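>>> fold the following.
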Amino acid sequence: EGSVIEGSVLAGDVIEVNKARGESKLKPWHGIVMLLFQLAAAITLLAYVQLQLGIAGLIITELFIAAVAIVGMFLFRGTWRDLLPMAKPRLRQVIGSVVLWIAAYFAAIAASAITMAIFPSVMETSRAMSEFFADASFFIAVIVSSFLAGTCEELMHRGFILSSLRVIKSNKLKVLICGVMFGLFHLDPTRFLPTAILGALFAFIVLKTGNILIVMGLHFLHDIVALGATVLNSGEAAYEAQEAALEAASTGGMMFMTAFVMLLIAAIPFAVGMILMRDPFYSKAETP
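Below is the predicted model:
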């Protein structure tokens, strides 16, 4: 009945009831205000801090993101459930979430390929990120870019912001809004599509499972994979090879063909993941 997101009863119903009991007062504009504040701080103060302090500045930035979420919760009379929804998921949901992440990973590659075809300067962004993390040990880079990002950014986006959208009846719209806001959060037009895809997926998973720890783990996993790829592709020779490949692929629509192939590959885990996540594990009738 209906779409997968709308037709099945999501664990979001459980979250809604819990919030009603905790008398959460969050509204959509609260999430927008806090995101705008966060972006303003990132463009001004935090950009300078990262430029001056490097990895230490990035640590400060991630902790600032978590602090904004916590302050927003108290300021707008939210609850800890808003930041940390912890419904107990079933094993099938956990497996389905991982499978959907695999689909999203290939879809993000497709989005990146399209972005590279339109904005070749994306290679400069990738190179700058590689050089940024080259200044620190791999272990520190993992902690900062993966663990802290997976924890702090999820508290803000799939915790505070997603909870602020609870008055919106359409789960599709909640997923779309979270995806767009997560894409904007990265302040980089060349990364908007890939990050928006991940943001939308993580919002769907939280709505479906009622558990933010799953997406924290997936966010960590995604960043580990991305960081590993960055390290493997670092070095002058690797950069030159990437630029040569991009120049060759950007002609004749090869990047768009790459995107099409990636989307075809993504379709299989996407279908499997949606089947695993489709069952109405939670329903209003079962909610005490």
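>>> CA atoms for contacts and neighbours, from now on please.
OK.
>>> what's the neighbour count on Trp29?
Counted with other CA atoms under 10 Å, the neighbours of Trp29 add up to 12.
>>> low-confidence stretches in the stretch 1-150 of the chain?
1-23, 120-139, 141 (pLDDT under 70).
>>> buried residues in the top helix by length along the chain?
Assignment by DSSP state H gives helix 91-118 as the longest helix of the chain. Neighbour-count burial for helix 91-118 flags 92-94, 96-117 (criterion: 16 or more other CA atoms under 10 Å).
>>> tell me what it is packed against?
Secondary-structure packing of helix 91-118 (3 or more CA pairs under 8 Å, 6 or more residues apart in numbering; DSSP states H and E): helix 122-134, helix 192-209, helix 212-232, helix 254-278.
>>> and the longest one, what's its mean pLDDT?
Along helix 254-278, the predicted local confidence has a mean pLDDT of 93.
>>> what angle do it and helix 91-118 make?
160 degrees (axes from the mean of the first three to the mean of the last three CA atoms, to 10 degrees).
>>> closest to Ser145 out of the helices and strands packed on helix 91-118?
helix 212-232 (6.7 Å; CA to CA).
>>> by how many degrees do that closest one and helix 91-118 diverge?
Using the same axes, to 10 degrees: helix 212-232 against helix 91-118 is 40 degrees.
>>> name the helices or strands packed onto helix 212-232?
By 3+ CA pairs under 8 Å, 6+ apart, helix 212-232 packs against helix 91-118, helix 122-134, helix 154, helix 192-209.
>>> TSV for those, including distance to Cys178?
Formatted as TSV, the helices and strands packed on helix 212-232 follow (distance: least, CA to CA, whole Å):
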stretch	distance to Cys178
helix 91-118	15
helix 122-134	23
helix 154	11
helix 192-209	6
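>>> and of the helices and strands packed on helix 91-118, who's closest to Leu83?
helix 212-232 (8.4 Å).
>>> just the pLDDT for the most centrally placed residue in the chain.
Among the residues of the chain, the one closest to the centroid is Gly199, at 3.4 Å (CA atoms, centre = their mean). pLDDT recorded at Gly199 is 97.
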